[in-house]
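Student: For reference, the sequence and a predicted model appear below.
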Number of protein chains: 2
Amino acid sequence: MTSTTTALQDPRSAPPLRWGVLGPGWIAGTFAAAVHGWTQGRVVAVGSRDRERAEAFAARFEVPTTHVGYEALVADPQVDAVYVASPHSGHHAHALLAIAAGKHVLVEKSFTRNASEAQEVVDAARAAGVFCMEAMWTRFLPHMVALRQVLARGEVGEVVAVQADHGQGFAHMPDTHRLHARELAGGALLDLGVYPVSFAHDVLGEPQVVTALGSLTRTGVDGQVTMGLGYGDRAQAALHTTLWARTATTAVVAGSEGRIEVATDFYRPTSFTVVRDDGSRWTFDQEVDGGFQYQAAEVARRVAEGRTESPVMPLDGTLAVMRTMDEVRRLVGVAYPGE
Amino acid sequence: MTSTTTALQDPRSAPPLRWGVLGPGWIAGTFAAAVHGWTQGRVVAVGSRDRERAEAFAARFEVPTTHVGYEALVADPQVDAVYVASPHSGHHAHALLAIAAGKHVLVEKSFTRNASEAQEVVDAARAAGVFCMEAMWTRFLPHMVALRQVLARGEVGEVVAVQADHGQGFAHMPDTHRLHARELAGGALLDLGVYPVSFAHDVLGEPQVVTALGSLTRTGVDGQVTMGLGYGDRAQAALHTTLWARTATTAVVAGSEGRIEVATDFYRPTSFTVVRDDGSRWTFDQEVDGGFQYQAAEVARRVAEGRTESPVMPLDGTLAVMRTMDEVRRLVGVAYPGE
C-alpha cells in the first residue's frame, strides 16, 4: 500500500481556502456544491472562455466573481487555489497556467493526457513550490480511509488480487460528445477507467506488467478495456471499464486471509464488507452526503500546513497512474492528436 | 448466446440411469450423493486403481460393485454411463477407454488438458455414437437456466461485457498436491478458471481475441490468471482466477439496457439480480440443495431420448472452451509434460 493511512477528519474542520474554478462544467458544479455545503472554503471566482457559461455557473453556485478567460482567473488575487476542471486535453496547459501564476492547483482526473504531460506539470509545481494534487476524490472518502486501515492492520493478510470495474451506459452519447472525441482525450480509460486503475495503485502500487484488451469506438477512442496489472511474481489487478454498459462498479481486495468487498459504486461514498477466511465478517457502513468535500478539505489542510503534496494522493502516485494508462493505451492503440 | 434455453425440470423426473464412477475422489463423492439424493439414477459401480479407495467409496455411498482398475469398470455390463472423475491429466485416456467399451460418458471439467485431446475424445464419441458431455454442472443449475431466459428475452439489451472470477485460498496446499502438479495438469485455470471461461462462452460464445496475465507457482503451473476475451468489435469478457485467495466469486452480465449480477458463488446454486437502467430490478432466488443432480438428470434425459449431446453443454462448446484455455496457457507460459 502506497498511501498513508490517516484517521478520517470532518471536512468542516479544515481551514478555509479560497477556490477559483477553471472550466464550469458538470464536475465543477459538483465540486462547488460540496465546498459550499460541507467545508469552510468558498469558490470565490469562476473562469470560462464563454461569458454566459461563467455567469450561469456563478449565479447557480453563488460565486461572486466571474472571469472571461482563464488568464484572468489565475491572476485573480482573491484566489488561493485553482481547481482545473476543463476537459482532459486542457489539464496540462491550464495547470501550468495556474502554477505560473503562483496558485495552488487541484487538477481533475485524469491528471493529464499522458505521463509526459503529467511530469511537466509536476516539475513546474515542484519548482514553483505550490501545492499540486490530482482530484482523485475517492481516496479521501470515509470508506477508503477505513479500507486502508483494514489493510494496514493485516486483516485480510497479504494482498493477492485487486478487482475493480467502472462502466457507464454512455452509448447513446453522440459521436461529437467529449467522451467520444479524440481531440478532447475522450474514451473510457481516462474518464472512467482511471478509477479502477487508481484504486489498484492505491492498494498495490505501480505494476511491473500491464496487459490490456481494447475495443474502440467509431471515433477511435477506447469504448471498453479489460486490463491485467502484474505485481512481482504473485499479485495481480483485474480491471475493466466501458462506456457502453452500466456495470456493477464494485471492487474487491482479496488477500491470503480474507477479502474486502466494496459495494456499488466503489468510487463514491459507500460501504464495504470484510469477509475473513475464518468465517468472520463485518461491514463498514458510514453514509456521507456529497463526496468532493473530503478532497477539498485535504487541499485546505495541506496548504495550511505549508506542504506541497498530499501523502494520500502524492504526485509520484499520479505519475505512476499515468504511466500505467499510457501503457494501456499503447496496447489498445489509442493516441490523441498532438501527443 | 450459444446455449438452448429450456425450462427447468425437476431432476427426479428424469429417467433412471446406471452410473459407473471412474476415480473415487472428492468430486465423485459429491456426484454420487447428488445422484442418490435427487435423481432416479444410481451409482452401480465404482472403479479405482486402489482397492481400498474403491471399497471405502462404495461403503460410504452405498455402491454395490467395486472394481480394481478402470478397464473392469468400463466393461461392467451393469453400467450405462461412466462418470470420469480422475485428475485432468487422466480424462483423455479414461474417456476414450469408456467410449471404446461402448459406454456413455460424462467427463469432469476441465474436459481434457487441451483442445487436441478434447477433439480426440469428441471424435471417438461421435464415431461410437455414444452420449458424451463435459460435466460443467453450473450450466444446468436453476439460476443459469433463468439467466439464459433473461438474456433471451432481451431484458438487459445487447450484452456488452461479462465479468466473472473464481478464486480459492489453496495457497496452503503442499507443492506435491494435485493442484500444483504439472504432471497432473494442475493450476488455477483448469481447476477454477474453467468456470468463468465457460460462463463467458455460455453467454457470448467463443472469443476471437484472448489476452492473459499469468503468475506461476513454484512448481510451474498458473497460480493466478487475469484474462480478457474479445468478441467482434465491441463485447468483452473480463475474467480472473487464483489459487491464492478466496475471491468474491461473482459474475456480472452487463448489457446496453441493464445488467445481471450473479451472487457468490456464481458457479453453485445461487441467486441473481436483474438491474435495469430504467431503475427497475428484480431478484431470482430459488434455493436448491446439492447441484450435481441437474447435470446427472440432463445426461439421463438425453440418453433416453437417444441423443448423443446436450444442447446446453454441446461438445463444440467444450472444444471452444479448451481452445480458449490453450491460448491462455500459451500466453502465460504453462505447458504440461507430454503435451
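Tutor: Perfect, thanks for sending it.
Student: sec struct for the closest residue to residue A:76 other than its chain neighbours, please.
Tutor: In this structure, residue A:76 finds its nearest non-sequential neighbour in residue A:45, 5.0 Å apart by Cβ to Cβ, 6 or more residues apart in numbering or on different chains. From N, CA and C alone the C-beta is placed, and that goes for glycine too. Using DSSP: H, G, I helix; E, B strand; the rest coil, the structure places residue A:45 in strand.
Student: For residue A:45, list each beta-bridge partner.
Tutor: Beta-bridge pairing for residue A:45 (DSSP bridges): residue A:20, residue A:65.
Student: Which residue ranges of the stretch 1-150 of chain A form strands?
Tutor: For the stretch 1-150 of chain A, applying DSSP state E, counting those that start in this stretch gives strands covering A:18-22, A:42-48, A:65-68, A:81-84, A:104-107, A:132-134.
Student: The stretch 151-300 of chain A too?
Tutor: Here the stretch 151-300 of chain A has its strands, by DSSP E, counting those that start in this stretch, at A:159-167, A:209-216, A:222-231, A:235-242, A:251-255, A:258-262, A:272-276, A:281-284.
Student: now what about the shortest one, what contacts it?
Tutor: Read that as strand A:281-284. Strand A:281-284 is contacted from outside by A:143, A:146, A:147, A:271, A:272, A:273, A:274, A:275, using Cβ atoms under 8 Å, 6 or more residues apart in numbering or on different chains.
Student: looking at it, the first one is touching residue A:273, isn't it?
Tutor: I take that to be residue A:143. No - using Cβ atoms under 8 Å, residue A:143 is not in contact with residue A:273, being 10.8 Å away.
Student: The two: who's more crowded?
Tutor: Between residue A:143 and residue A:273, counting by other Cβ atoms under 10 Å in any protein chain shown, residue A:143 is the more crowded of the two (23 against 15).
Student: ok, now which ones touch the more buried one?
Tutor: A:262, A:269, A:270, A:271, A:272, A:284, A:286.
Student: If we only consider those, which is nearest to chain B?
Tutor: residue A:262 (10.0 Å; Cβ to the nearest Cβ).
Student: What is the neighbour count of residue A:176?
Tutor: Neighbours around residue A:176, by other Cβ under 10 Å: 8.
Student: cool, and residue A:62?
Tutor: Using other Cβ under 10 Å, residue A:62 is surrounded by 10 other residues.
Student: ok, the closest residue to it other than its chain neighbours - how many residues close by?
Tutor: Spatial nearest neighbour of residue A:62, excluding adjacent residues (Cβ to Cβ, 6+ apart): residue A:36 at 7.1 Å. Residues lying near residue A:36 (other Cβ under 10 Å) number 17.
Student: how much space between residue A:36 and residue A:87?
Tutor: Per Cβ to Cβ, to the nearest Å, residue A:36 is found 24 Å from residue A:87.
Student: Repeat that for residue A:130.
Tutor: For residue A:130 relative to residue A:87 (Cβ to Cβ), the value is 23 Å.
Student: what distance separates the helix or strand residue A:323 falls within from the centre of its chain?
Tutor: With elements taken from DSSP states H and E, the one containing residue A:323 is helix A:315-332. Distance, stretch centre to chain centre, for helix A:315-332: 13 Å (Cα atoms, centre = their mean, to the nearest Å).
Student: what's the answer for stretch A:242-262, then?
Tutor: 18 Å.
Student: can I assume residue A:313 is in contact with residue A:136?
Tutor: Yes - if you go by Cβ under 8 Å, residue A:313 and residue A:136 touch, sitting 5.1 Å apart.
Student: number of nearby residues for residue A:18?
Tutor: 16.
Student: ends of stretch A:149-157, how far apart?
Tutor: By Cα to Cα, to the nearest Å, the extent of stretch A:149-157 from end to end equals 13 Å.
Student: Report the buried residues of it.
Tutor: Within stretch A:149-157, the residues that qualify as buried are A:150, A:151, A:155, A:156, A:157, counting by 16 or more other Cβ atoms under 10 Å in any protein chain shown.
Student: Quick check, central residue of chain A?
Tutor: residue A:136 (2.4 Å; Cα atoms, centre = their mean).
Student: hang on, the earlier thing: closest to residue B:334 among the contacts of residue A:143?
Tutor: Checking the contacts of residue A:143 against residue B:334 by Cβ to Cβ gives residue A:262 as the nearest, at 31.1 Å.
Student: residue contacts, the closest one?
Tutor: Contacts of residue A:262 (Cβ under 8 Å, 6+ apart): A:143, A:147, A:164, A:250, A:251, A:252, A:253, A:270, A:271, A:272.
Student: and if we set it to 6 Å?
Tutor: A:251, A:272 (Cβ atoms under 6 Å, 6 or more residues apart in numbering or on different chains).
Student: And for residue A:115?
Tutor: A:322, A:323, A:326.
Student: Please name the nearest non-neighbouring residue to the second one.
Tutor: Sequence neighbours aside, residue A:115 is the residue nearest to residue A:323 in space, at 4.6 Å (criterion: Cβ to Cβ, 6+ apart).
Student: burial of residue A:289, as a residue count?
Tutor: 9.
Student: do the one 10 residues further on as well
Tutor: Neighbour count of residue A:299, defined by other Cβ under 10 Å: 26.
Student: Who does the nearest residue to it once chain neighbours are set aside form a beta bridge with?
Tutor: For residue A:299, the nearest residue in space outside its immediate sequence neighbours is residue A:106; the separation is 5.4 Å by Cβ to Cβ, 6+ apart. Beta-bridge partners for residue A:106, by DSSP bridges, are residue A:83, residue A:133.
Student: tell me the contacts of the residue lying closest to residue A:319 once chain neighbours are set aside?
Tutor: Spatially, and ignoring its direct neighbours in sequence, residue A:319 is nearest to residue A:118 (5.4 Å; Cβ to Cβ, 6+ apart). By Cβ under 6 Å, 6+ apart, the residues touching residue A:118 are A:111, A:112, A:319, A:322.
Student: out of those, which one sits closest to chain B?
Tutor: Chain B lies nearest to residue A:322 out of the contacts of residue A:118, by Cβ to the nearest Cβ, at 20.3 Å.
Student: Look at residue A:4 and report its pLDDT.
Tutor: In this prediction, residue A:4 carries a pLDDT score of 43.
Student: So how do I select the buried members of the contacts of residue A:143 in PyMOL?
Tutor: Burial among these is assessed by 16+ other Cβ under 10 Å; the matching PyMOL selection reads:
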select buried, chain A and resi 262+269+270+271+272+284
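Student: Let me see the contact set for the closest residue to residue A:131 other than its chain neighbours.
Tutor: Leaving aside its sequence neighbours, residue A:131 sits nearest to residue A:104 (Cβ to Cβ, 6+ apart; 4.0 Å). Residue A:104 makes contact with A:81, A:130, A:131, A:303, according to Cβ under 6 Å, 6+ apart.
Student: Now pLDDT too, for those residues, in CSV please.
Tutor: CSV is the format used below for those (pLDDT from 0 to 100):
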residue, pLDDT
A:81, 98
A:130, 98
A:131, 98
A:303, 98
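Student: Looking at neighbours, which among those residues is most surrounded?
Tutor: Ranking the contacts of residue A:104 using other Cβ under 10 Å puts residue A:131 first, with 26 neighbours.
Student: so what's residue A:214 bridging to?
Tutor: residue A:225.
Student: is it true that it touches residue A:329?
Tutor: No - here residue A:214 does not reach residue A:329: they are 8.2 Å apart, not a contact under Cβ atoms under 6 Å.
Student: For the stretch 151-300 of chain A, give me the ranges with low pLDDT.
Tutor: Nowhere does the stretch 151-300 of chain A drop to pLDDT under 70.
Student: interface residues of it facing chain B?
Tutor: By Cβ under 6 Å from any Cβ of the partner chain, the residues of the stretch 151-300 of chain A that approach chain B are A:160-161, A:167, A:169, A:211, A:213, A:215, A:224, A:226, A:228, A:230, A:234, A:236, A:238, A:240, A:242, A:244-248, A:252, A:254-255, A:261, A:277.
Student: how far away is the residue nearest to residue A:131 from chain B?
Tutor: Going from residue A:104 to chain B by Cβ to the nearest Cβ, to the nearest Å gives 38 Å.
Student: how much space between the residue nearest to residue A:299 and chain B?
Tutor: For residue A:106 relative to chain B (Cβ to the nearest Cβ), the value is 31 Å.
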